[in-house]
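1. Pasted the sequence and its predicted model underneath.
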Amino acid sequence: MSAERNYETLLLRSDALRVLLLGSALVLFGTFGFRVLEDAPWLDSFYMTVITITTVGVGVVTSPSPMGKILIVTLVLAGVTLGYMTAAILGRAVLTNFVFRTRKRMHKVIDGLSDHVILCGYGRLGQIVREELEALGKKFVIIEIEKDTARLLAEEQLLHIHGDATEDEILLQAGVERCSGVIAAIGSDAGNVFITLTTKEYNATCPIVARAEDPNTEHKLLLVGATSVVTPYSLGGRRLAQAFLRPGAVDLADLALGGGNHEVLIEEVALPLHMPDVMATLKGLDLGQRFGLIAVAVRHSSDGSLHFNPRADEELRPNDHLMVMGKREHIDTCLQFLSDCG
């Protein structure tokens, strides 16, 4: 951000210097013109030039000759043009200062964030991701390289960084060392590999979901540390086929993703680290009676294995994850209960 501001400051200084030089040249031109054409004293020539350029029009010292009138008209037109140029530079300086002050305040907010999600890339996929994050109430910061897109994000007052997400400095500005997850969704597979590598360097335990245009890149992203990889075209193709061949399975998948117009959804909730002994089994947790939820699966923290359709006596350990199905409000109640237990 400082480099961009220095560049804008240099441009403004350059334009201001150009206007100052043009104004000085115009004053010299008018002073010599009145001196030569009207044979006026130097002070009167300077006075006539200044009141003409500034269009003050207080009065003239002598009655001008025809050539003097042409000179006055020329000076008036040049003075009006110079005035517009000066106003434009001042307006741009005020606007630039306002923009950078707004960015500075936003960066202070980002510096105070933790446990947020960093979304790299705000294309069509990034916009969908943003909607999902907002729907779940997640804190997030967007990194976008396109200037026009970044301007739109600023207009919507969304926390964002304008820059290249593959650069260490930009990821650090977004708080990569404090974040709870990174979504690498830029259109370059190589760029998503760099984002994954940089994230792992500064936040080794951070979950990373990466986009891959080429299915052959999936293995490389997993190799460098991505938690999971999504190939949009492959995923979209399978979704189209399954929507025709197995529409019921697609509806169930929508439940897991929270999509469609379903009243219920599937959510993954983490068990507290210090949970009571009575909650050591699904029967003790009593999801159905207590929250109106159904346990779909259990992901054990010890080995990461996923057990579908768990039994009532399924042993539960601290930090295990439950896949539960139910209404949003019931899931929120369950999450609050588990948070209080922890």
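-> Arrived safely.
2. Identify the residue spatially nearest to residue 165, adjacent ones excluded.
-> Take residue 165 and drop its neighbours on the chain: the residue closest to it by C-beta to C-beta, 6 or more residues apart in numbering is residue 120, 3.8 Å away. Every residue, glycine included, has its C-beta placed from N, CA and C.
3. mind listing what the one you found touches?
-> 143, 165, 182-186, 192, 195 (C-beta atoms under 8 Å, 6 or more residues apart in numbering).
4. What segments of the stretch 1-150 of the chain are helices?
-> Along the stretch 1-150 of the chain, counting by DSSP state H, counting those that start in this stretch, helices occupy 2-38, 42-53, 66-111, 124-135, 147-155.
5. ok now the longest one, how far from the chain's centre?
-> A distance of 29 Å separates the C-alpha centroid of helix 66-111 from that of its chain, computed with C-alpha atoms, centre = their mean, to the nearest Å.
6. Quick one: low-confidence residue ranges for the stretch 1-150 of the chain.
-> 1-8, 57-62, 99 (pLDDT under 70).
7. mind checking how far the residue nearest to residue 165 is from residue 207?
-> To residue 207, residue 120 is 14 Å away according to C-beta to C-beta, to the nearest Å.
8. any common contacting residues for the two?
-> residue 182.
9. ok, of the contacts of residue 120, which one's closest to residue 293?
-> Closest approach to residue 293 among those (C-beta to C-beta): residue 183, at 27.2 Å.
10. so that closest one touches residue 122, yeah?
-> No: the criterion here is C-beta atoms under 8 Å, and residue 183 misses it with residue 122 at 10.9 Å.
11. Give me the common contacts of those two.
-> Common neighbours of residue 183 and residue 122 (C-beta under 8 Å, 6+ apart) do not exist.
12. Next, residue 221: secondary structure please.
-> helix (DSSP: H, G, I helix; E, B strand; the rest coil).
13. Identify each of the strands in the stretch 151-300 of the chain and give its residue range.
-> 160-162, 181-184, 208-211, 228-230, 264-270, 294-299 (DSSP state E, counting those that start in this stretch).
14. Look up how far residue 177 lies from residue 111.
-> 12 Å.
15. what's the answer for residue 274, then?
-> As judged by C-beta to C-beta, residue 274 and residue 177 stand 27 Å apart.
16. quick one: which of those two has more around it?
-> For residue 274 versus residue 177, neighbours defined as other C-beta atoms under 10 Å are more numerous around residue 177 (13 against 8).
17. That one and residue 204 touch, don't they?
-> No: with contact defined as C-beta under 8 Å, residue 177 does not reach residue 204; the gap is 10.1 Å.
18. how about JSON lines for the strands of the stretch 151-300 of the chain, with mean neighbour count added?
-> Output for the strands of the stretch 151-300 of the chain, formatted as JSON lines (neighbours: other C-beta atoms under 10 Å):
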{"stretch": "strand 160-162", "mean neighbour count": "23"}
{"stretch": "strand 181-184", "mean neighbour count": "26"}
{"stretch": "strand 208-211", "mean neighbour count": "25"}
{"stretch": "strand 228-230", "mean neighbour count": "16"}
{"stretch": "strand 264-270", "mean neighbour count": "17"}
{"stretch": "strand 294-299", "mean neighbour count": "18"}
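19. got a markdown table for these, with distance to residue 149 and mean pLDDT too?
-> Shown next, in a markdown table, are these (distance: least, C-beta to C-beta, whole Å; pLDDT from 0 to 100):
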| stretch | distance to residue 149 | mean pLDDT |
| --- | --- | --- |
| strand 160-162 | 9 | 91 |
| strand 181-184 | 16 | 95 |
| strand 208-211 | 17 | 94 |
| strand 228-230 | 21 | 91 |
| strand 264-270 | 30 | 81 |
| strand 294-299 | 36 | 88 |
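20. Make TSV from these and add distance to residue 278 to it.
-> What follows is those, written out as TSV (distance: least, C-beta to C-beta, whole Å):
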stretch	distance to residue 278
strand 160-162	46
strand 181-184	32
strand 208-211	35
strand 228-230	34
strand 264-270	18
strand 294-299	16
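21. Spit out the contact partners of residue 92.
-> 12, 15.
22. measure it to residue 150 for me?
-> Applying C-beta to C-beta, the value for residue 92 to residue 150 is 18 Å.
23. quick check, distance from stretch 312-326 to the centre of its chain.
-> Distance, centroid of stretch 312-326 to centroid of chain: 36 Å (C-alpha atoms, centre = their mean).
24. List of residues touching that stretch?
-> 255, 264-275, 279-283, 285, 287, 291-302, 306-307, 331, 334.
25. Deepest-packed of the helices of the stretch 1-150 of the chain, please.
-> helix 42-53 (a mean of 18; mean count of other C-beta atoms under 10 Å).
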